[in-house]
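Undergrad: Quick one, what's the 3D model for this:
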Amino acid sequence: MFPVIFRLPNGFELRSYGVLLVTAVLVAVWMGRLRAPRWGIAPEKVWDCAPWLVLPGVLAARLAYIVQHWDFYSTNPQQLWSLRFEGLTSFGGLIGGILGFSLWRRIAKVGFWEFMDVIAVPVLVAQAIGRIGCLLNGCCYGRPSDLWCAVPVGAGTERHLPAQLVDTALLLIGAWILARREKAAPPFGASFGAMLAVFGASRFLYEFLRAGSEEEFRAGIVSSAVSYLGLTNAQWLSLAMVILGAGIAWARRPRPKASEISV
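TA: Numbering: from 1, shown residues only. Model (predicted):
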């Protein structure tokens, strides 16, 4: 693990997770600018929208993490205001970014489905880069393992599966497949729906490898179902995202022309 790139005498630390998070944003913006003209959107609109995606996304990711771990933060309130890019959730970040964009588009007068398609592949790539940051930071690690690919976490000697890299690989494969499908020029919104489905499916599978998955988040309205099926709350959210994304992609599918419909 490599959580700190360098540390200054005054105590300032440049942390690898923060660097990878910024890198993910810059790569996503760069990709979005390249993709924008295909959907009839000016490239500069992607840059203008970036703060509306990133800032609400980070705030929502932090808030969701605090809610999930309220037992800890209720007894350690000083940790609520940590600015070290620790304690974020991908679900919260995605939801916050979409809400931020929904506000911005009313000002910029940009079509919702078109813009969501522009950032569909970049979002998957950005999440994949962020998972590499998790690996370097030593968080979100996998189950203990003796496999050759296992890595140490923190100062301990126990080795763990690099589950973060599995999520990275799944997200990149999904991004590649989605980019290939876009060559057929699907209707507006189809790529966005497919992105949600890929995002959710990757997180669902990743949860099976993540350390501590069985013990976390079993309270709440789905506690009995979670207990019965052995799924975490994150996996239930992932399944909901897959269903939502698949539904959007199906609803936005190409419709046959009247002349192509056989009677």
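Undergrad: Now the nearest residue to M1 once chain neighbours are set aside. Its backbone dihedrals?
TA: In space, and not counting its chain neighbours, M1 is closest to G138: 4.0 Å by Cβ to Cβ, 6 or more residues apart in numbering. Where you see a C-beta, it was placed from the backbone N, CA and C, and this is true even at glycine. As for G138, its main-chain torsions (degrees, to the nearest 10) stand at phi 80, psi 20.
Undergrad: now do F6
TA: phi -160, psi 160.
Undergrad: and it, what are its bridge partners?
TA: Taking DSSP bridges as the rule, F6 bridges to L14.
Undergrad: Confirm for me that it is in contact with S16.
TA: No - contact criterion Cβ atoms under 8 Å: F6 and S16 do not qualify, at 10.2 Å.
Undergrad: Compare the two (neighbour count), which wins?
TA: Between F6 and S16, S16 has the larger neighbour count (other Cβ atoms under 10 Å), namely 21 against 8.
Undergrad: mind checking pLDDT for the closest residue to the more buried one other than its chain neighbours?
TA: Nearest residue to S16 in three dimensions, chain neighbours excluded: L136, at 3.9 Å (Cβ to Cβ, 6+ apart). For L136, the model assigns a pLDDT of 90.
Undergrad: Tell me the helices and strands packed up against the helix or strand that L136 is a member of.
TA: According to DSSP states H and E, L136 maps onto helix 112-137. Contacts defined by 3 or more Cβ pairs under 8 Å, 6 or more residues apart in numbering; DSSP states H and E place helix 112-137 against helix 16-35, helix 43-68, helix 90-108, helix 163-181, helix 190-209.
Undergrad: among these, which is the most enclosed?
TA: Using mean count of other Cβ atoms under 10 Å, the stretch among the helices and strands packed on helix 112-137 with the largest mean neighbour count is helix 190-209, at a mean of 23.
Undergrad: That one to helix 90-108, inter-axis angle?
TA: Angle between the axes of helix 190-209 and helix 90-108 is 160 degrees (criterion: axes from the mean of the first three to the mean of the last three Cα atoms, to 10 degrees).
Undergrad: what's the distance between helix 190-209 and the middle of its chain?
TA: Computed by Cα atoms, centre = their mean, to the nearest Å, the chain-centroid distance of helix 190-209 equals 9 Å.
Undergrad: again, but for stretch 126-142
TA: On Cα atoms, centre = their mean, the centre of stretch 126-142 falls 11 Å from the chain's centre.
Undergrad: Which residues does that stretch contact?
TA: 1-3, 15-21, 23-25, 27-28, 86, 90, 151, 153-154, 160-169, 171-172, 175, 199, 209-211 (Cβ atoms under 8 Å, 6 or more residues apart in numbering).
Undergrad: for the chain, which spans come out with low pLDDT?
TA: The chain contains residues with pLDDT under 70 at 82-86, 212-229, 255-263.
Undergrad: for G154, helix, strand, or coil?
TA: coil (DSSP: H, G, I helix; E, B strand; the rest coil).
Undergrad: What's the local residue count around the residue nearest to M1?
TA: With other Cβ under 10 Å as criterion, G138 counts 20.
Undergrad: and the gap between it and G111?
TA: 41 Å (Cβ to Cβ, to the nearest Å).
Undergrad: now W70
TA: For W70 relative to G111 (Cβ to Cβ), the value is 38 Å.
Undergrad: When the two are compared, which one has more neighbours?
TA: G111 (15 against 10).
Undergrad: mind checking how far that one is from W81?
TA: Separation of G111 from W81 (Cβ to Cβ): 37 Å.
Undergrad: got it, and P9?
TA: In terms of Cβ to Cβ, P9 sits 24 Å off from W81.
Undergrad: now M241
TA: 29 Å.
Undergrad: go on, A197?
TA: For A197, the distance to W81 equals 35 Å [Cβ to Cβ].
Undergrad: And E114, by the same measure?
TA: Taking Cβ to Cβ, one finds E114 at 37 Å from W81.
Undergrad: go on, I107?
TA: For I107, the distance to W81 - Cβ to Cβ - is 30 Å.
Undergrad: K109 now?
TA: Distance, K109 to W81, using Cβ to Cβ: 36 Å.
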